[in-house]
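Student: structure for this input, please:
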Amino acid sequence: MASNLVLCSSSSLILNLFLLFLCCFGFCYSYGEQGSFNTFTISSFSYPSTTLRSFELRYIRVELPPWFSSMSLMMQSNVDLGTSVKKVPKSKLPMICFRDGSPPLPDVNASIHDSVVAPLFKSSLEELQALQNGEQCYPMQKNFTVNLTNEQISPGVWYFGLFNGIGPTRTQSKMINRGPSYSFSANITVEGCTTSTMWGQYCNQTIQTLLCAPMNSYNFTENISEDKLYNQTMKNTIACKNNIGTSCQGDGEIKVYVLDVMGVAEELNILVTDISFNLISSNNSGDVSELNLMCFARHGAVPSLTQHDYSSNINKAPLVIRSPKIGRWYMTLLPINLSKEHGGIEDANVTVCYSMESKVLECPVGKAGPNCKWEKYILQTVLRRGSAPFESYYLPVSEKVSSNAADFPLEPLLTNTSYGGEPNNTWTYFLLDIPRGAAGGNIHIRLASDTKISSEIYARFGGCPTLDSWDYYYANNTRNSDGSTFFKLYNTTEGKVDFYILSIREGTWGFGLMHRNDTGITPGDQTLMSVSLERCPERCSSHGDCKFALDASGLASYSYCACDRNHGGFDCSIEIVSRQAHIWQSISLIASNVAAALPAFWAIRQKAFAEWVIFTSSGISSGLYHACDVGTWCALSFNVLQFMDFWLSFMAVASTFIYLATIDEALKRAIHTAVAILTALMAVTKATRSSNIILVIGIGISGLLIGWLIEYSPKIRTFSLPIGFCLNMLDRWQAFKAWIRNLIKTIYRRFRWGFIIAGFIALAMAAISWQLETSESYWIWHSMWHVTIYTSSFFFLCSKANTVNSEDERAPERNYALTRQDSIPRGE
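Tutor: You can find the predicted model right below:
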C-alpha cells in the first residue's frame, strides 16, 4: 500500500476545514506507514524532558476517537527504585496514574493509598484490565511502556498523571522544597482503523453496525411478552437491526455488533429472531430452542468472555439492560456447542443463522422510570460572575419553581406516585451536562431541610441511576460512598447533606432522589437543593488558595489547592501543624534573629557603620519575613519581605569577609557596591537553592582576596624589581623566603586565631543546619541557621587585630637614643 498519503487536498475546502478543526483540538490526523493490518497513526505526541521536583505533578490528556485501535505510551526517566518500592514512603514515591475521563487524584483519601498504588516490576502493562474500573497508579520506572488496545479500554478522554510523592503534605506550602526530584520524557502514539467497521489491535476483525430508526420505520418482529414491555405512556421506541439481514455463525465463532444510544434511555433490549441451522449435509434436524447463543454487552469497548458488563443466552430470553449509559454499546454473539444441539453429530459445517435486533426504549420528555411516571428535569447551567473558569450552578428548567438564587425548593418538583406498590421506591431525576474542558472540576451537592432529609441521593455518569446501577450515593451517615476515592462528605446532619463528587468527568450526569415516606415530616416542611460545579472543594477550607494550570496539551485546565504552612490535603482540611506547635515554631523562627545583635554590637563598637547597618537590617528583615511567612503579621508584601531577607542575609555574610581586609574605605565601598549587585541578583533568581550559601561565601572570600591584593600590590612591585635584576640565584631565593616569612608573620599578627577557629566552627554548624533542613524540620534547623550564621560573623569580626606589618616596624626609642648620643658635643 502506498505510504505517506496526504489527507489534505487543495480541491476540497470542506476537508481542509475539517482537518483544521481537528488540529485546533490537538489532533492532526495523518496517514503514516499503513501495514497489512489496515491501521494508521492518528496522533503522536512527544513530551520533552521535564523535571518534577518534590511534590510536583503533571497531567497529560489523550483523546481516543471511536475508531482508535491501540494506544502506546513509552516513558523514560532517571528513576531507579530497584526492588525497594515498599521501603520508599508515599511522600517520596514517584508514580504514574491512569484514569478514564478526568485527572487522577491518588491522595484524596489517605486510607486507601495502598489499594490505589499497585506494585509493578515489569516493563510492560499489556494486561492492564483494571483501568476500566477506575484509577490505577504504579511506581515510576526508568523505562515504562504501556500498550492498550480497543479490546481493553474504551475510546474517549484519558488522563495520565505523574506525581513525585503523594499525601497530605503535597499541597502544604513550604519554605523550602529539597526533596528528591526526577526527570522524564514521554512519547504517546494513538493508532486507528482505516474504516469504522473494523476493530481489534490490528483492525483485522469486522464490526457490524445496527442501524436505528423510530419503531414505525421497521417491521420489527416482536419477541417480548407484553408484561415486559412499557405501557402506553412510552412514546419513543427506537428499533435497531442489522442491515444485511440474516447472519450465520459456526461453533465458537464470534461476531461483534455495535449501536449508539444517543440520549437518556430507560431500557435497551437485545434479541435475535428467525433462528435456524444452516447445513450443507442432508441432515437438517436439530432443536434450535436448546441452542446456547451467548450475548456479551459492554459500554464503550468490545466485550469478551472475561470483560463484559452484561451477558445472557438470548436464545432463551432477550438481554435487558435497564437505564443504559449514553454512548456506544458493543455486543458479542458466541454460539456454543452447535453440534451437540444438532442431534449430537460432529459436523464442522454446522452454523446457526439469526436476525440481530435491538430496541431502545425512551420515556417522553420530562418523564422517567419503568412506567414513565417519575419526574425528570434538565438542569440549566448558570455561570458565576467573576469566578474561575467553568464555575457555575444549576437550576431546573421548569415552571414549577422560580429561583434567582443558587438553590431551589424540592417539594414542587418531587414525584407524587410510586411504582409497583412500593411507597419507598419513588424517584425524581435531574440531568446536567459537564462541558468539554471542565474535567477535573468538582460537583457540589447540598440539601437543607427544616426538619429532616427524607431522600436518598444517587449519582451516575451517562444515565439515570437506579438501586442496581450507580456511581456514588448518600443514604445516611452510615450508608454512603464516603469510602470512595472521588466522594467527599462534609458537615452532614439529619437536616443537612453536603458532599462533593471530585474530579468530575465530561458529559451527562444523572442524579436521582429516592424518597422515603417518613412519618415525622409535616407537609409544610421545605427542602432546598443546590447543585454547583466548583474548581476547588470547600474553597480550600479557607486555609489556602485555588490555583489553576493547564495539562501538557494545553486543551484542558485543572485546579488544585495551595495550602498554608499549617494545613494540607487536597482541600486543605488536614491540620498538619497544630496551633500550639505553630506558636512555638513562630517564636523560634522570629526570636532566633536576635543573634544578629552580636555582630551589630561589635560593628558599632569598632565604628564600622556600614557593617552595623547591614547586620541590624538583616536581623530585622529576617524577623519580619518569618513573621509574615508563618502567618503572624505582614509589614509589607510577602515577596518584598522575602527579597529583603535573602538579600541582606547574603550581604551580611559577604560583608563579614570584606571587613577583614585592611584597605582604604573608598575601596571598601566599591567592593560593597559590587557585592550588593551580585547578591541582589541571587535574591531575585532562585533565592532558596542550596548552592547560594557556597556562592555567597565565595563572593565574600573573593572580596577579601581582592582587598589583600590591593593592599599588597605596592609591596609586590617594589619586591619584584630587585629580583628581576638579580643574577645571583641564591640571593633571589633568600629574598623570596624572607618575603614569605614576613607575609605569614603579618597574617598571623593581623588575626586573633582563636576567634577564627570559633568562626569556622560556627560556620560549619550553619552549613550543617542548612543541609539538614527539610519540609518537616525546617523551623528548628532554620532557627539554628540564624543563630550559627550570625554567631560566626561575630567571631570573624572579633578576629581582626589592629597591628602593623613587621617589615614596617621600627625601634623609635632606640634610634632616638642613638641620635641623642651622637648629638652630644665631644667637648663635654
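
Student: now do the helix or strand hosting Asp545: which elements does it pack against?
Tutor: Element membership of Asp545, judged by DSSP states H and E, is strand 544-550. Strand 544-550 is packed against strand 557-563, with contacts defined by 3 or more C-beta pairs under 8 Å, 6 or more residues apart in numbering; DSSP states H and E. To be clear about C-beta, it is placed using only N, CA and C from the backbone, and glycine gets the same treatment.

Student: which outside residues touch the strand it packs on?
Tutor: With C-beta atoms under 8 Å, 6 or more residues apart in numbering as the test, strand 557-563 has contacts from 59, 103, 171-173, 388-390, 437, 439-441, 535-536, 540, 543-551, 569-572.

Student: can you select the buried ones among these for me in PyMOL?
Tutor: Buried residues within these, by 16 or more other C-beta atoms under 10 Å, are selected in PyMOL with:
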select buried, resi 59+103+171+172+173+390+439+440+441+535+536+540+543+544+546+551+569+570+571+572
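
Student: across the sheet, point out what pairs with the nearest residue to Pro168 once chain neighbours are set aside.
Tutor: Using C-beta to C-beta, 6 or more residues apart in numbering and skipping the chain neighbours, the partner closest in space to Pro168 is Gly568 (3.8 Å). Listed beta-bridge partners, Gly568: Ile574 (assigned using DSSP bridges).

Student: so what's the gap between stretch 253-268 and the chain middle?
Tutor: Here stretch 253-268 is found 35 Å from its chain centre; the criterion is C-alpha atoms, centre = their mean, to the nearest Å.

Student: end to end on it, go ahead and measure it.
Tutor: 24 Å (C-alpha to C-alpha, to the nearest Å).

Student: now that stretch: buried residues?
Tutor: Counting neighbours by 16+ other C-beta under 10 Å, one finds that the buried residues in stretch 253-268 are Lys255, Val256, Tyr257, Val258, Leu259, Val261, Val264, Ala265, Glu266, Glu267, Leu268.

Student: how about those residues in TSV, adding secondary structure, pLDDT and distance to Tyr354?
Tutor: As requested, those are exported to TSV (DSSP: H, G, I helix; E, B strand; the rest coil; pLDDT from 0 to 100; distance: C-beta to C-beta, whole Å):
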residue	secondary structure	pLDDT	distance to Tyr354
Lys255	strand	90	10
Val256	strand	91	15
Tyr257	strand	92	11
Val258	strand	91	17
Leu259	strand	91	16
Val261	strand	92	22
Val264	coil	91	30
Ala265	coil	92	24
Glu266	coil	91	26
Glu267	strand	92	21
Leu268	strand	93	18
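
Student: would you point out the most distant pair within those residues?
Tutor: Across the buried residues of stretch 253-268, the longest distance by C-beta to C-beta is 28.5 Å; it joins Lys255 and Val264.

Student: low pLDDT regions in the stretch 1-150 of the chain?
Tutor: Scanning the stretch 1-150 of the chain for pLDDT under 70 picks out 1-37, 82-83, 109-134.

Student: where do the helices sit along it?
Tutor: For the stretch 1-150 of the chain, the helices defined by DSSP state H, counting those that start in this stretch occupy 13-24, 113-116.

Student: any chance you could map the helices in the stretch 501-650 of the chain?
Tutor: Counting by DSSP H, counting those that start in this stretch, the helices of the stretch 501-650 of the chain are 579-591, 597-605, 609-629, 638-659.

Student: Trp329 versus Gly167, what's the distance?
Tutor: 40 Å (C-beta to C-beta, to the nearest Å).

Student: of these two, who's got more company?
Tutor: Per other C-beta atoms under 10 Å, whichever of Gly167 and Trp329 has more neighbours is Trp329, with 27 against 21.

Student: tilt between the strand holding Asp545 and strand 557-563?
Tutor: With axes from the mean of the first three to the mean of the last three C-alpha atoms, to 10 degrees defining the directions, strand 544-550 sits at 150 degrees from strand 557-563.

Student: name every strand pairing with strand 544-550 and say which way it goes.
Tutor: In the sheet, strand 544-550 lines up against strand 557-563 (antiparallel) (DSSP bridges).

Student: circling back: pLDDT (mean, whole number) over the strand holding Asp545?
Tutor: Averaged across strand 544-550, the pLDDT comes to 88.

Student: Gln580 and Asn292: what is the separation?
Tutor: 71 Å.

Student: which one of these two has more residues nearby?
Tutor: A count of neighbours by other C-beta under 10 Å puts Asn292 above the other of Gln580 and Asn292, at 16 against 8.

Student: count of neighbours near the nearest residue to the more buried one once chain neighbours are set aside?
Tutor: For Asn292, ignoring the flanking residues on the chain, the nearest one in space by C-beta to C-beta, 6+ apart is Ile336 at 4.2 Å. Using other C-beta under 10 Å, Ile336 is surrounded by 13 other residues.

Student: hmm, Glu290 and Ile336 touching each other?
Tutor: No: between Ile336 and Glu290 there is no contact, the gap being 11.2 Å when judged by C-beta atoms under 8 Å.

Student: Ile275: which of the buried residues of stretch 253-268 is nearest?
Tutor: When those are compared against Ile275 (criterion: C-beta to C-beta), the nearest one is Lys255, at 13.9 Å.

Student: could you list the low-pLDDT ranges of the stretch 401-550 of the chain?
Tutor: 417-424, 517-524.

Student: and with 80 instead?
Tutor: Counting by pLDDT under 80, the ranges of the stretch 401-550 of the chain that qualify are 403-404, 417-425, 483, 516-525.

Student: re earlier: relative to Ser449, how far out is the residue nearest to Asn292?
Tutor: Distance of Ile336 to Ser449, computed by C-beta to C-beta: 54 Å.

Student: try Asn292
Tutor: Look at Asn292 and Ser449: by C-beta to C-beta, they are 53 Å apart.

Student: residue contacts, the residue nearest to Asn292?
Tutor: Contacts of Ile336 (C-beta under 8 Å, 6+ apart): Asp251, Gly252, Asn292, Leu293, Met294.

Student: the third one contacts Ile314, correct?
Tutor: This means Asn292. No: Asn292 lies out of contact with Ile314 (C-beta under 8 Å); the separation is 9.9 Å.

Student: residues in contact with Ile710?
Tutor: Residues near Ile710 by C-beta under 8 Å, 6+ apart: Ile663, Leu667.

Student: need the pLDDT of it.
Tutor: pLDDT, Ile710: 75.

Student: tell me the secondary structure for it?
Tutor: Each residue gets one of three states, and Ile710 gets helix by DSSP: H, G, I helix; E, B strand; the rest coil.

Student: from the middle of its chain, how far away would the one helix or strand Glu375 maps to be?
Tutor: Using DSSP H and E, Glu375 falls within strand 374-383. Here strand 374-383 is found 31 Å from its chain centre; the criterion is C-alpha atoms, centre = their mean.

Student: and if you look at stretch 603-616?
Tutor: Distance, stretch centre to chain centre, for stretch 603-616: 49 Å (C-alpha atoms, centre = their mean).

Student: continuing past the strand holding Glu375, what's the next helix or strand?
Tutor: Once strand 374-383 ends, the next helix or strand along the chain (criterion: DSSP H and E) is strand 392-396.

Student: direction included, what does that following strand pair against?
Tutor: Here strand 392-396 is paired, per DSSP bridges, with strand 374-383 (antiparallel), strand 527-534 (antiparallel).

Student: tell me which of the ones you listed is the most buried.
Tutor: Highest mean neighbour count of these: strand 527-534, a mean of 20 (counted as mean count of other C-beta atoms under 10 Å).

Student: could you check how far it is from the centre of its chain?
Tutor: The answer for strand 527-534 is 26 Å, by C-alpha atoms, centre = their mean.
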